[in-house]
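> Next input, structure requested:
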Amino acid sequence: MTGVIVKWLFKGLLMSLVMSSIMSYLFYIQTGRTPWSLLGIHSVADLKPDLSPGASIENLADTVSREARQLADKAGDLVPSAPAQPTQVYRWVDAQGVTHFSETPPAGVDAVAITVDPNQNVIQGLPTESADPVPTQSLDQLKQQLQQQQDAKRALLEEH
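Numbering: from 1, shown residues only. As a prediction, the model looks like this:
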């Protein structure tokens, strides 16, 4: 019995590890940063407390509480804010043919104002065909066709 429990516990822990690794990788792909970097953890050395010979329990407790407050402040940054609002940007081409973008219009240059809505898809999807085509025959017609096929099979069997 305990072997079964240990086996299920091991499988659960392994699945949790795999899922957290996948989620961390997907977060990295999307943002370019690891989830741990948002909390100020950039390497394993950042996880180790300062245990120098002169360190006291009080200093260690102060350090831990200070870092816990910093982590709590940084964790607040992970909570999504209100949806992004449309932004107006300006586009212009310089004398060398290079296209530039800016949030403020340049002086002395004809710039085109563009409104960018981050909540809208840039490329719209293609319309899809209906997944459920309407049947062309009614149920009665199909029953009649099935009956005719069965009658034809019986007639062939009776001939032989």
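
> Can you verify H100 is assigned to a strand?
Yes - H100 sits within a strand when classified using DSSP: H, G, I helix; E, B strand; the rest coil.

> Leaving out sequence neighbours, find the closest residue to it.
W92 (5.7 Å; C-beta to C-beta, 6 or more residues apart in numbering). No exception for glycine: its C-beta is placed from N, CA and C like everyone else's.

> can you count the residues close to that neighbour?
15 (other C-beta atoms under 10 Å).

> Tell me the pLDDT of it.
Note for W92: predicted pLDDT of 91.

> same check, this time on the one 3 residues further on
A95 is assigned 87 on the pLDDT scale.

> Now do the helix or strand harbouring D62: distance to the chain's middle.
Element membership of D62 [criterion: DSSP states H and E] is helix 57-76. Its chain's average C-alpha position is 31 Å from that of helix 57-76, according to C-alpha atoms, centre = their mean, to the nearest Å.
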